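**Q** Return a 3D structure for these sequence lines:
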Amino acid sequence: MERADKPAHLETISAEGYWARIEMVFDSLTILLDIKFETVEQAVGKEIPKETGGKRWVPTAPRWDGVRSWLLLPYIDALDQDRLGEQFEIARELAPIIREHIAKRELSPEFLDHWGRFRAVCGLLEFIYHSKTSIGHRRSAHAGGQAKIKISEDHQRWFAHYFLRKYQRGRRPEAEQAVTMLINAIVDGKVDAGPDHNVEWYEHFLNLDDTQADNYLTLKEAYREHSFSVKRMKELVTQGAEGIPRVTLKFPGP
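**A** This next block holds a predicted model:
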């Protein structure tokens, strides 16, 4: 079988020309090995007030004049970050080996293997670097999580105020029972807690699916001795009662 002629554009490039081109490409790609990975925390950022009111999200990763640092690889939530880091380390390990191959102008199966793997990783890094990412769902989850933390602490503060009014050393169960009875009375409409919070806010304290309950629904484990210490309650009470339902209600009678 006759050997096919080389394409015309290849006839004009010498062996040294090929190596010079490879070296040029290699040098441009090694810049990627100085890159830093943006973390999910940096990508999510934080909320700051807007001049026109409300809030807006801003990333906390390093930026120059409002633009992402040019040596920062953007975080993409869909990618396995550990796997990406492993590939990055492979490229760093291959770089000095490839540099030696190029310096010796050594064309071999080993060089082709190393060069192919290196180009694959760098291609991935280049693709990610120029990607436009969206982490809106992450920010929504973060904001939702923060809201849950705030609600949980508000409940703890309210509970602490009433619990400490009834608490005596060594008699925690009696104090828990007194507050539980107050909460049940609010839920049942026997105690007017005011218009600030609805019934669902108070139901948060109770085991609503407790089939063993007798005269009133029982208190959730989160507010019992092993989960919510008296020391912590005292710390919360020192914060005052701003932002929570009134803490001056009278306990119902037995």
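**Q** Can you give the distance from the helix or strand hosting residue 91 to the centre of its chain?
**A** According to DSSP states H and E, residue 91 maps onto helix 81-104. Helix 81-104 sits 30 Å away from the centroid of its parent chain (Cα atoms, centre = their mean, to the nearest Å).
**Q** what does stretch 181-199 give?
**A** 36 Å.
**Q** Contacts for it next, please.
**A** Stretch 181-199 has contacts (Cβ atoms under 8 Å, 6 or more residues apart in numbering) with 162, 202-203, 205-206, 216-217, 219, 245-246, 249-252. C-beta: built from backbone N, CA, C; applies to glycine.
**Q** what's near enough to touch residue 250?
**A** Each residue near residue 250 by Cβ under 8 Å, 6+ apart is listed here: residue 191.
**Q** Secondary structure of it: a helix, I assume?
**A** No: under DSSP: H, G, I helix; E, B strand; the rest coil, residue 250 falls outside any helix and is assigned coil.
**Q** rewinding a little: tell me the helices and strands packed up against the helix holding residue 91.
**A** Contact partners of helix 81-104 among helices and strands, from 3 or more Cβ pairs under 8 Å, 6 or more residues apart in numbering; DSSP states H and E: helix 15-29, strand 36-37, helix 109-129.
**Q** any idea which helix or strand comes after the shortest one?
**A** The one in question is strand 36-37. helix 40-44.
**Q** Now whichever helix or strand comes after that next one: average pLDDT?
**A** Using DSSP H and E, the helix or strand that follows helix 40-44 in sequence is strand 46-49. Strand 46-49 carries an average pLDDT of 71.
**Q** Thanks a lot, see you next time.
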